[in-house]
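**Q** how does the following fold in three dimensions:
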Amino acid sequence: MPLHYYTLSHIARDLQNSAGMFLTECFTQERNTLHCVFESGRETRVLEAHLDSRHGAIFLRSEFHRARKNTLDLFPELIGRTLQSAVLLPNERVLELHLPPFTLHYIVFAGWNDTMDGASANAIVTQPLESQSHGAETITSAFRNPQQVVRTEFRIKAAQHRSLRDFAPETPLEKAIASCNLLLGSTYTPEAMQRIREATGLEGQEAISSPQVREQMDAIERIAVGVREECLGATTFFVVRDKRAAPLNKPLFSLIRPTHSTMTVEREYSSASEAIRATVMALHREARFHSLYSVAELQLRTMLAKAERTVQAIGRDTEGAERSKERQLWAELLLSQPNVQQKGVERLEVENWDGEVITIRLNPALSLRQNADDYFKKASAARETLKKREARREQQERLVRHLDGALTGLRSITTEKDLEKFMMTFSKNAKGGASGEQSSHDRPQNEKHQKTTRFREFPLDDDHTLYVGKTAADNDELTLRFAKPHDYWFHARGVPGSHAILRAPNKDKKPPKQVLEQAAAIAAYFSKARNAKMSPVAYTQKKYVRKPKGAAVGAVILEREEVVMVRPHVPVGLLGTESEE
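**A** Sure thing, here's the model as predicted:
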C-alpha cells in the first residue's frame, strides 16, 4: 500500500537526503495532487503527493514537466525556504517537512483532527504560535478545505495502539495482529499470517485467549516482528498482484516479497519511489480502462436489449398481414358484383368465397369499382409495409447477432488501446449495415432530426444526448436558438472551442455525474485543449448564458458556472461515428 506507515518511513528517509535543498515551486495541476519542487545547483527532486482515497500515494521524482496552462501555485510562504529535515511522526501516517519557520505536513488519512468532523487527507502548512510555550502550531495554509482549517490550532488525533497481548479475549488472532502496535495493518498481516500458519498451524480465526494461541504467542510475536523488520529494512520494492482479486486484480505496492501462493510479483525495483510511481500509474491506467470498459459494455447491452425488443415487437405484430389479405379480398368481392358502377352505397353485405356473409364499408361518393381500386391500393400498401417490417426484423436480427459477438469479443479486451480499436471497428461495422441504428436509410427524417443534423450528436445514454457546434455560427445557433433554458451548456475553459448542449429530459433534476463528465470530456475534445492531459470545462444551464450586444459570432458570457476537470476524449462507442468527424 503506497500510504502504509512503513512505506512513508522509506519516503521520509529518502527525503532526508534532500536536506539543504531549496523549495522553488509548489503547485497543483490535477485534482488532489500536489507537487513540491526542490532544487540545489543542477539537482532537482520533485515530491508528488496524491491525496485521494482511491489512489493515494507519495513519492519522489527526479524530474517533472509542469503544464503550461491550468496549474495553480500554492503555499507562497514556503517558496525559497530550505528543507531542514523530513521526519515521520512516530506511529502516525503524518510526514513532516521542516522548512523553518514553517512545517509542511502531509496527512494521508481521514479523521486526523479530533475537533473537526470528516477531516480528509491533506497537506497543511503550520507555524509556531509565538504566544504559546508548549510547542503549539497554527495552520497558515491548506491544500484541501482551507476555509475549514486555516487559522486554527494544528492538532493530530492520536491513534491508540495496543500490544498483541492486550486485546479483548475474544478478539480473533488475525484481527489483533492487524490492529496492534506492530502497525502491519491489512497490508502486511496476510503475509504474517501465512508465515504463522506454516509455523504453528493456526488459521487466524482463533481467539487471542484460546489455549493454542497462548501456547504459540512467543512464536507469533517473533514472526510478526520479523515481518515489521523486513518492511523497515527493505532495499528491494515490489509491484504485486493478488490472483484472488480477479477480475480486477489491481497492482499493489509491497515492501517485501510475498510468500503466499495467491500473490504474484509483477516487477521489482531498487527504489521505493519508483515502485510506488509504477503502481500509481498502473492503477490510474487500469481504473480508466475499467471505467471505459463499463461504459462500452453498457452501451452494447443497451443496444442489444433495444434490438431484441424490436425483433419481439415485430414478431408479435401480425395485423399487417391480415390487413393486406382483408383489403385484397374486399376489392375482389366488389369487382364480382353485377353493377360495379353503382354509387351511394355505404355498406355492402356480400358472401365471401367460403359462403360466409361479410360487411364491406364503402365510400358512397365512389362507385363499387372505384372502391375496389381503393382497396387494391390499400392492400398493396399493406404488403409493402409488411415487406419493410420484415426487412427491418431481419436487419435487427443481424444486429442482435452482431452485438452478441461484440459482447463476446469485448470480454477478451484488456487494454485501453485495444478497447478503442475494438469499439471503432464495431462502430464502422454497425455503420456499414450490421446496425439498423446507424444505417442512413433508417435514420428518422422527421423535423427534429432535420433541425439537429448541422450539429455533432452524441447519445450518452437512453435519456441524454449531447449536441456540439461545428462552427462559430453553429455555436450561436446551438446556444441561442436550439437550446432550451434548462439544458446544460459546456465549453472548455480558457481556450477556443465548440459550444456543447446537453439536452436535459427533466428540468428539475441535474443529470448524473457520469453524464456531465462525459459531456465535458467531449466539449474539451472539440477545443484547443484536445491534446491536454486534463482540461477544465465550464458548464451551466443555458438560462445563465447570454450574448452581449455587439459580441462576436460564438461569443457569450456566463452569469454563473461550475467547473469540472476532465481528460479530453470522445467516449468509446461513439468513436468513428459520423457525428465525430
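
**Q** quick one: His486 and Leu558, what's the gap?
**A** Note on His486: its distance to Leu558, by CB to CB, to the nearest Å, is 16 Å. Where C-beta positions appear, they are placed from N, C-alpha and C, glycine not excepted.

**Q** same question, Gly344
**A** Counting by CB to CB, the gap from Gly344 to Leu558 is 70 Å.

**Q** more neighbours: which of the two?
**A** Here Gly344 and Leu558 are set side by side on neighbour count (other CB atoms under 10 Å), and the busier one is Leu558, at 14 against 9.

**Q** list the contacts for the closest residue to Asn32 other than its chain neighbours?
**A** Counting by CB to CB, 6 or more residues apart in numbering, Asn32 lies nearest to Asp52, which is 4.1 Å off, once chain neighbours are set aside. Counting by CB atoms under 8 Å, 6 or more residues apart in numbering, Asp52 makes contact with Arg31, Asn32, Ala121.

**Q** all strands of the stretch 201-350 of the chain, in order?
**A** For the stretch 201-350 of the chain, the strands defined by DSSP state E, counting those that start in this stretch occupy 237-242, 251-254, 263-269, 347-351.

**Q** what's the answer for the stretch 401-550 of the chain, then?
**A** Using DSSP E, counting those that start in this stretch, the strands of the stretch 401-550 of the chain run over 456-459, 465-468, 488-492, 500-502, 535-541, 545-546.

**Q** need the ones you listed in JSON lines with mean neighbour count and distance to Arg277, can you?
**A** As requested, the strands of the stretch 401-550 of the chain are exported to JSON lines (neighbours: other CB atoms under 10 Å; distance: least, CB to CB, whole Å):
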{"stretch": "strand 456-459", "mean neighbour count": "20", "distance to Arg277": "35"}
{"stretch": "strand 465-468", "mean neighbour count": "22", "distance to Arg277": "35"}
{"stretch": "strand 488-492", "mean neighbour count": "26", "distance to Arg277": "29"}
{"stretch": "strand 500-502", "mean neighbour count": "28", "distance to Arg277": "35"}
{"stretch": "strand 535-541", "mean neighbour count": "21", "distance to Arg277": "23"}
{"stretch": "strand 545-546", "mean neighbour count": "18", "distance to Arg277": "42"}
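
**Q** weakest of those by average pLDDT?
**A** Ranked by mean pLDDT, the strands of the stretch 401-550 of the chain end with strand 456-459 in last place, scoring a mean of 87.

**Q** show me what it packs onto, helices and strands only.
**A** strand 465-468 (3 or more CB pairs under 8 Å, 6 or more residues apart in numbering; DSSP states H and E).

**Q** quick one: strands adjacent to the strand it packs on?
**A** Strand 465-468 pairs in its sheet with strand 456-459 (antiparallel), strand 500-502 (antiparallel), by DSSP bridges.

**Q** roughly how far is it from the heart of the chain?
**A** 19 Å (CA atoms, centre = their mean, to the nearest Å).

**Q** could you number the chain from 889 rather than 1 from now on?
**A** Yes, from this point I'll number from 889; that puts the last item at strand 1353-1356.

**Q** can I get that strand in CSV, CA atoms only?
**A** The C-alpha coordinates for strand 1353-1356 follow below in CSV (Å, rounded to 0.1, in the frame of the first residue of the first chain):
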residue,chain,number,x,y,z
THR,A,1353,-27.9,13.5,-26.0
LEU,A,1354,-25.0,16.0,-26.4
TYR,A,1355,-25.1,18.4,-29.3
VAL,A,1356,-21.8,20.1,-30.3
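
**Q** so what touches that strand?
**A** So strand 1353-1356 is in contact with 1340, 1343-1348, 1366, 1370, 1378, 1386-1391, 1406-1407, 1410-1411, 1414, 1467, going by CB under 8 Å, 6+ apart.
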